[in-house]
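Enquirer: Show me how the following folds:
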Amino acid sequence: MKSKILLAIDSSGASIKAARYVANLLGNNHNVSVTLFHVLTTVPPDLLEAGTLEGEEENKHKKGAWEEAEHEIECKCLEPVIDILKQAGFREEQIQRKHFAPLPGFDVAHVILKECERGDYDTVVLGKRGTSRIGYFLIGAVTEKVVRHAKGMAVWIIE
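Expert: The predicted structure follows:
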């Protein structure tokens, strides 16, 4: 039976550390699949509004520019992670990529948890960002929510 891991990715160094941990622990294990999950920034509200025909053309142009910028950010986030996994022995077919473009007012933790449910993952891996002295006793809001609400799976928090 193949283990399914969801590796939540963003543009922080914490994602790189999480990828290295997964690579070191599970590299060359061909009974594991890793899904790299990136939550894009919120879709700008003005791109969601319907308007006049002229406005629709302008909106398409803006949306195309937003999608292009998000794709560029996503590539910058995913490329180093994919390299780390491949260098550790993961094969291309073991690495999947998914992203989610949320609407305004979204909750990143909720998006990650929903993907965990849909994908029937065994483990979700999150990188923990640096914390202040006070924050040392707390974990990040997203990480904390995922830990609290994840059911039927392991949650790995990598510092």
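Enquirer: Can you find the helix or strand of the protein with the lowest average pLDDT?
Expert: helix 53-87 (a mean of 74; mean pLDDT, DSSP states H and E).
Enquirer: quick one: the helices in the chain?
Expert: When secondary structure is read from DSSP state H, the chain shows helices at 13-26, 53-87, 108-119, 141-149.
Enquirer: got the angle between the first one and helix 141-149?
Expert: What that stands for is helix 13-26. Inter-element angle recorded for helix 13-26 and helix 141-149: 50 degrees (by axes from the mean of the first three to the mean of the last three C-alpha atoms, to 10 degrees).
Enquirer: could we number from 51 for the rest of this?
Expert: I'll keep to 51 as the first residue from here, and by that count the last item is helix 63-76.
Enquirer: State the pLDDT value of the nearest residue to residue 139 once chain neighbours are set aside.
Expert: Residue nearest to residue 139 in three dimensions, not counting chain neighbours: residue 78, with 3.4 Å by C-beta to C-beta, 6 or more residues apart in numbering. Every C-beta, even on glycine, is put in place using the N, C-alpha and C of the backbone. Per-residue confidence (pLDDT) for residue 78: 93.
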